[in-house]
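Undergrad: I'd like to go over a predicted model; first the sequence, then the structure.
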Amino acid sequence: MYMYLTTGTSDFMKKLQERHADKGMVLMHGGGQSLLVHETEGKSVFQTPRRYEVVSSFGKLTDEGYFVFNNIPVTDEGRPVFEHRFSGGGGRIESQQGFIAFRLLRPLDSDTYIVLTEWEDASDFDRWKHSPAFKESHQSTDMKEFAGNTTHIFSSASYITTYTAKPDEDQ
């Protein structure tokens, strides 16, 4: 499975989504731009997408949620260790109130992985960030080993971008 991302103005992204309505794309808005997501086994309909392989997933992406993209630059030699960290499944997050979907995306054209989660709304994500389950998932033995290798795993600082599937009034 692959995921392709493209950004642009809200109007252009809506037209592109409508033109390919049979593809089940999700349109998101945030940070002054719109993002169109195409998840497929085949090729993208986008001309110049950001391309990712879906390494791990659970849940079905919807067109009504709050999306959190944790963008994590990983060195080539750090990829296996990083992916191993997420190979155990998502038991802790799946049971959280408001959780909808998860994707671990391996970059095909860059060094930046995306840990994508979808929530019913922002408050559900905030609740997860402050939950005992979140602390447990980041304090496991596996995570401690992972954190101990950070000097060789990460190529630069991670950052978070957030989107909503409902357009902002000012867009």
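TA: On my side now, so go ahead.
Undergrad: Okay, and the spatially most central residue of the chain sits in which element?
TA: Among the residues of the chain, the one closest to the centroid is Leu116, at 1.8 Å (Cα atoms, centre = their mean). In the assignment (DSSP states H and E), Leu116 maps to strand 112-119.
Undergrad: tell me the mean pLDDT for that strand?
TA: Strand 112-119 shows a mean pLDDT of 96.
Undergrad: From the rest of the structure, what touches it?
TA: 52, 59, 61-62, 65-74, 82, 86, 93, 98-107, 125, 128 (Cβ atoms under 8 Å, 6 or more residues apart in numbering). For every residue, glycine as well, the C-beta is placed using N, CA and C.
Undergrad: And that strand, what's buried?
TA: Within strand 112-119, the residues that count as buried by 16 or more other Cβ atoms under 10 Å are 112-119.
Undergrad: cool, stretch 29-44 as well?
TA: Here stretch 29-44 shows 29-30, 34-39, 44 as buried, counting by 16+ other Cβ under 10 Å.
Undergrad: tell me the mean pLDDT for that stretch?
TA: Mean predicted lDDT for stretch 29-44 stands at 94.
Undergrad: Can you measure across it, start residue to end residue?
TA: 20 Å (Cα to Cα, to the nearest Å).
Undergrad: Give me the helices and strands touching the one helix or strand Arg106 maps to, please.
TA: Per DSSP H and E: Arg106 is located in strand 99-107. Contact here means 3 or more Cβ pairs under 8 Å, 6 or more residues apart in numbering; DSSP states H and E; on that basis strand 99-107 packs against strand 50-58, helix 79-85, helix 91-94, strand 112-119.
Undergrad: and those, which one's lowest on average pLDDT?
TA: helix 91-94 (a mean of 77).
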